[in-house]
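1. Have a look; sequence and predicted model below, questions after that.
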Amino acid sequence: MRDKIIEIIYEISENEEFKANPDIDLIENEVIDSMDFLELISCIEETFNIELIVSQIPSSVWRKVNSISEMIEEYIKEKNEEN
Amino acid sequence: MILDKIKKVMLEKKDNIFSNEENITYFQLYTYILNLYIYLNTIKSENNKIIIYGHKSVYYIVCMLACAYSGISYIPVDVSFSDERIQDIINIIKPDLILNTITLKVENVNREIIVDELEKIMTEKSIEIELIPQIKPEDIYYIIFTSGSTGSPKGVQITYNNLDTFCNKIIAKFNIEESVILNQALFSFDLSVADIYLTLLTGSKYVMLTAKEIKDYPRLYKKIKENNVEVIIATPSFIEYLLVDRTFNEDNFRCLNTIFTCGETLTLNTVKKIKERFKNVVIHNAYGPTECTVAVTMETIHELPYKVPAGNYMDNTFCIVDDNLMRVSTQGNILIYGDLVSKGYINYPNEAFVEFEGKRAYLTGDIGYIEDNKLYYLYRKDRQIKLNGYRVELGEIESKIMSVESVSKCVATVKRNREGKVKKIIVYVVTKDTKEKLKEKLKNSISDYMFPEIKIVKKLPINENYKVDVKKIEEKIK
């Protein structure tokens, strides 16, 4: 999961600093500015086959790969429970 | 004219809330403006131009109106502007004064009033004096900067008469009373002129979205919902940004009744999505360059159309001409004439401003056509490149791709070699089709010599004005 997310973020941002250190703050270091954000959302939705409700995801989640990863796991878990 | 009407609204609807940041009523707004107006009348102004610096706030709007009532042209500058751009603007304008509505200091200016002092001036106890507009119809009301193709910004000078004409038009179109109006655009982007003046002329509540709030999805939706927003004035890209969350629908946003889009092409895809989520929302789509005061033509989209019109020919503000400025009815240059055409750029070549059939006119550089009395926008003309000796308009390629039903967005760019020669055309397309399928569909409409390399993407990046960011895409290719 983590590796997949790192791969997606690198693909969108092409940010070398991030590649060297995936644990940096994504917003502070301008890895994902809000404009790439829409692409990130679509990529996550497609890759993990989930639909994000962005209005319910606190903006702090988008700061770190780990918190994004946890959030996605939560979505997948919920989806599996529904099925 | 509008300043008389706004004064009347501020006094007659004095208890209406103008903005719920600090619960400012229309009467408070009036006293703030009056105080700053009195102050501005005491200072010696040589150049009659004031730069307003800051980000969305009530103070910013007070500064705009106090300048207007005093007969001083204002130039809105946002905090997001680079230092270089601000310096360019200062060099062109040579302002008498900068009204700084935030605490950060602007460098290299003669005279600046920082927020604390501004606040003191605005909130003083008013002396008995009447707010009388000093501005004359032909005076410059505001100057808004757009990007010039050479990189240096161009300042568009809008007269009081231009703005008055535009406001009367938009008021007639909207036909609203005391509403709640959402602002997305920066005050330095002239789309905001539509929401600011529509609000002031109707005594409505004004909901400003700061750049920070827009970037924070939960806060963004909460603000729209809690304020019971009724009217959204925004770029199509911003509307799409809101539509990302499926809870943005009529069950959750019950008050929303009108969406007004301007600033770029509204696609059929976006219209469909809006209609699916909000059955009763009225969509107005408008077209117009900054040079002609926000928007010259507007069209209400009732039924789901098969393509989205940008305006109505009956508005009598534009026509289609050939390269010799001869009127044609088919595809060609969009030429705008009449009272919305601005005075032109400040200290910049003004060859696009021409005379047409005895009227002042502006050759937009946009290509469009008229069908059933409606205007359809095709593309911008100034993106011509040379590929293997052939002249190719990138906009033309884009418009051909956009005409494929499954395509919701696309941008054409070029890849150049080290010498700057175009190697190939690359288009970024948002579509449900595969690359092969799209190629097949385009085979007959795009000639081989200009057939682009296609890259399918999920989303295109957007800039701080919430328009598709072509520059950013081009940088990525470099």
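-> Now that the structure is in, tell me what you want to look at. Residues are numbered from 1 along each chain as shown, chains lettered A, B, ... in the order given.
2. Extract the CA atoms of the helix or strand of chain A with the lowest mean pLDDT and return them as PDB.
-> Lowest on mean pLDDT, DSSP states H and E among the helices and strands of chain A sits helix A:34-48, with a mean of 85. Output in PDB follows, covering the C-alpha atoms of helix A:34-48 (Å, rounded to 0.1, in the frame of the first residue of the first chain):
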ATOM      1  CA  SER A  34      -3.600  21.900  -4.400                       C
ATOM      2  CA  MET A  35      -3.700  21.800  -8.200                       C
ATOM      3  CA  ASP A  36      -2.100  18.300  -8.500                       C
ATOM      4  CA  PHE A  37      -4.400  17.400  -5.700                       C
ATOM      5  CA  LEU A  38      -7.300  16.600  -8.000                       C
ATOM      6  CA  GLU A  39      -5.100  14.200 -10.000                       C
ATOM      7  CA  LEU A  40      -4.000  12.500  -6.800                       C
ATOM      8  CA  ILE A  41      -7.600  11.900  -5.700                       C
ATOM      9  CA  SER A  42      -8.500  10.400  -9.100                       C
ATOM     10  CA  CYS A  43      -5.500   8.200  -9.100                       C
ATOM     11  CA  ILE A  44      -6.200   6.900  -5.600                       C
ATOM     12  CA  GLU A  45      -9.800   6.300  -6.400                       C
ATOM     13  CA  GLU A  46      -8.900   4.300  -9.500                       C
ATOM     14  CA  THR A  47      -6.000   2.400  -8.100                       C
ATOM     15  CA  PHE A  48      -7.800   1.200  -5.000                       C
END
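3. what's in contact with that helix?
-> Outside of helix A:34-48, the residues within contact range by CB atoms under 8 Å, 6 or more residues apart in numbering or on different chains are A:4-5, A:8-9, A:11-13, A:32, A:50-52, A:54, A:62, A:68, A:72, A:75-76, B:214-215, B:241, B:244, B:457-459, B:461-463, B:469, B:472. Backbone N, C-alpha and C define where each C-beta goes, glycine included.
4. Now with 6 Å, please.
-> Judged by CB atoms under 6 Å, 6 or more residues apart in numbering or on different chains, the contacts made with helix A:34-48 from elsewhere in the structure are A:8, A:12, A:32, A:51-52, A:72, B:215, B:458-459, B:461-462.
5. Could you identify the helix or strand that succeeds that helix?
-> Secondary structure here is assigned by DSSP states H and E; on that basis, the next helix or strand after helix A:34-48 toward the C-terminus is helix A:65-82.
6. just checking, residue A:63 touches residue A:27?
-> Yes. Using CB atoms under 6 Å, residue A:63 and residue A:27 qualify as a contacting pair, with a distance of 5.3 Å.
7. one step back: which among the contacts of helix A:34-48 end up buried?
-> Members of the contacts of helix A:34-48 that pass the buried threshold by neighbour count (16 or more other CB atoms under 10 Å in any protein chain shown) are listed as A:8, A:12, A:32, A:52, A:72, B:215, B:459, B:461-462.
8. Pipe those into TSV and attach distance to residue A:23, secondary structure and pLDDT per row.
-> Formatted as TSV, the buried ones among the contacts of helix A:34-48 follow (distance: CB to CB, whole Å; DSSP: H, G, I helix; E, B strand; the rest coil; pLDDT from 0 to 100):
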residue	distance to residue A:23	secondary structure	pLDDT
A:8	16	helix	91
A:12	18	helix	82
A:32	14	coil	82
A:52	22	coil	94
A:72	17	helix	95
B:215	22	helix	88
B:459	26	coil	84
B:461	25	coil	85
B:462	28	strand	86
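9. quick one: which two of those are the most distant?
-> For these, the farthest-apart pair by CB to CB is A:72 and B:462; their separation is 23.9 Å.
10. in the helix or strand residue B:275 falls within, what counts as buried?
-> Using DSSP H and E, the element containing residue B:275 is helix B:268-277. Buried positions in helix B:268-277, judged by neighbour count with 16+ other CB under 10 Å: B:268-271, B:273-274, B:277.
11. Run through the helices of chain B in chain order.
-> For chain B, the helices defined by DSSP state H cover B:2-12, B:26-42, B:58-70, B:83-93, B:115-123, B:160-174, B:191-202, B:211-215, B:217-226, B:236-243, B:268-277, B:394-402, B:435-442, B:470-477.
12. Quickly check: the shortest one near chain A or not.
-> Yes. Legend: contact between helix B:211-215 and chain A by CB under 6 Å from any CB of the partner chain is shown at residue B:215.
13. what's that helix packed up against?
-> helix B:217-226 (3 or more CB pairs under 6 Å, 6 or more residues apart in numbering or on different chains; DSSP states H and E).
14. Could you pull out the buried residues of the helix it packs on?
-> Result for helix B:217-226 [16+ other CB under 10 Å]: buried residues B:217-221, B:223-225.
15. list the helices and strands that helix packs on?
-> Other elements packing on helix B:217-226 under the criterion 3+ CB pairs under 6 Å, 6+ apart are helix B:211-215.
16. Nearest the middle, which residue of the chain would you pick?
-> As the question left the chain open, I've gone with chain A. The structure's chain A has its C-alpha centroid closest to residue A:68; by CA atoms, centre = their mean the separation is 4.6 Å.
17. Not quite, go with chain B.
-> Nearest to the centroid of the C-alpha atoms of chain B, with distances taken as CA atoms, centre = their mean, sits residue B:191, at 2.8 Å.
18. Check what pLDDT the residue nearest to residue B:228 when sequence neighbours are not counted gets.
-> Closest residue in space to residue B:228, ignoring its immediate chain neighbours: residue B:255 at 4.2 Å, by CB to CB, 6 or more residues apart in numbering or on different chains. The predicted local distance difference test score for residue B:255 is 97.
19. wait, doesn't residue B:255 sit right on residue B:227?
-> No. Applying CB under 6 Å, one finds residue B:255 not in contact with residue B:227, separated by 8.6 Å.
20. what about the stretch 51-200 of chain B, any weak spots by pLDDT?
-> Of all residues in the stretch 51-200 of chain B, those with pLDDT under 70 make up the ranges B:106-110, B:126, B:148-151.
21. With adjacent residues omitted, what lies nearest to the closest residue to chain A within it?
-> Nearest to chain A in the stretch 51-200 of chain B, going by CB to the nearest CB, is residue B:80, at a distance of 11.9 Å. Sequence neighbours aside, residue B:464 is the residue nearest to residue B:80 in space, at 5.3 Å (criterion: CB to CB, 6+ apart).
22. for residue B:264, same thing?
-> residue B:467 (4.9 Å).
23. and the gap between the one you found and residue B:337?
-> The span separating residue B:467 from residue B:337 equals 26 Å under the rule CB to CB, to the nearest Å.
24. Please apply the same query to residue B:253.
-> Between residue B:253 and residue B:337 the computed distance is 39 Å (CB to CB).
25. List the contacts of residue B:146.
-> When contacts are counted by CB under 6 Å, 6+ apart, residue B:146 touches B:154, B:290.
26. what are the bridge partners for it, then?
-> Judged by DSSP bridges, the bridge partners of residue B:146 are residue B:154.
27. residues near the closest residue to the residue nearest to the centre of chain A other than its chain neighbours, how many?
-> With CB to CB, 6+ apart as the criterion, residue A:68 has its nearest non-adjacent residue at 5.7 Å, and that residue is residue A:5. In terms of burial, residue A:5 registers 20 neighbours under the definition other CB atoms under 10 Å in any protein chain shown.
28. coming back round to it: is there any residue in the helix holding residue B:275 that contacts chain A?
-> No. Remark: helix B:268-277 sits outside contact range of chain A, by CB under 6 Å from any CB, the gap being at least 13.5 Å.
29. what comes into contact with that helix?
-> In this structure, residues lying in contact with helix B:268-277 by CB under 6 Å, 6+ apart are B:236, B:240, B:243, B:249, B:304, B:308, B:408.
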